[in-house]
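Engineer: show me how the following folds:
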Amino acid sequence: MGVIVCSVKDAFELMKHMDEDDMVILSVINKRTYVHDIPKKIKKKNGEELIRKANNICYQDNIFFGTLSLYGVVEENDAIHNILFPQLE
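Structural biologist: Down below sits the predicted model:
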């Protein structure tokens, strides 16, 4: 279970098995206070919009689900956006 840096194209490739209307989990972490917002379900296509806005993307394979950590989406809040999605078996 390592973390790798990936591109927007790689992130889209990881989620290609999902339909546009499938749901993913979005969690937001404030990097200064380490306070998490309540995770919420969003559509995959909305998650892809966040991926396009990210400056850096890290991917972690957690066996049943994947985690994309998006850095730089909302710079003024100094936040990290995490998208969790189901993996292929």
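Engineer: all strands of the chain, in order?
Structural biologist: Under the criterion DSSP state E, the chain carries strands at the ranges 3-6, 23-30, 40-43, 56-62, 65-71, 79-86.
Engineer: what would those strands look like in TSV with mean pLDDT?
Structural biologist: Written out in TSV, the entries for those read as follows (pLDDT from 0 to 100):
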stretch	mean pLDDT
strand 3-6	84
strand 23-30	92
strand 40-43	95
strand 56-62	91
strand 65-71	92
strand 79-86	92
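Engineer: now these as JSON lines including mean neighbour count and distance to residue 13?
Structural biologist: The C-beta positions use only the backbone N, C-alpha and C, and glycine is treated the same way. Conversion of those to JSON lines gives the following (neighbours: other Cβ atoms under 10 Å; distance: least, Cβ to Cβ, whole Å):
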{"stretch": "strand 3-6", "mean neighbour count": "12", "distance to residue 13": "9"}
{"stretch": "strand 23-30", "mean neighbour count": "17", "distance to residue 13": "15"}
{"stretch": "strand 40-43", "mean neighbour count": "12", "distance to residue 13": "19"}
{"stretch": "strand 56-62", "mean neighbour count": "15", "distance to residue 13": "10"}
{"stretch": "strand 65-71", "mean neighbour count": "18", "distance to residue 13": "11"}
{"stretch": "strand 79-86", "mean neighbour count": "20", "distance to residue 13": "12"}
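Engineer: need these in a markdown table with distance to residue 12, can you?
Structural biologist: Written out in a markdown table, the entries for the strands of the chain read as follows (distance: least, Cβ to Cβ, whole Å):
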| stretch | distance to residue 12 |
| --- | --- |
| strand 3-6 | 10 |
| strand 23-30 | 13 |
| strand 40-43 | 15 |
| strand 56-62 | 10 |
| strand 65-71 | 10 |
| strand 79-86 | 11 |
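Engineer: among those strands, which is nearest residue 16?
Structural biologist: When these are ranked by distance to residue 16, counting by Cβ to Cβ, first place goes to strand 79-86 at 10.8 Å.
Engineer: what angle separates the closest one from strand 23-30?
Structural biologist: Following axes from the mean of the first three to the mean of the last three Cα atoms, to 10 degrees, one obtains 160 degrees for the angle between strand 79-86 and strand 23-30.
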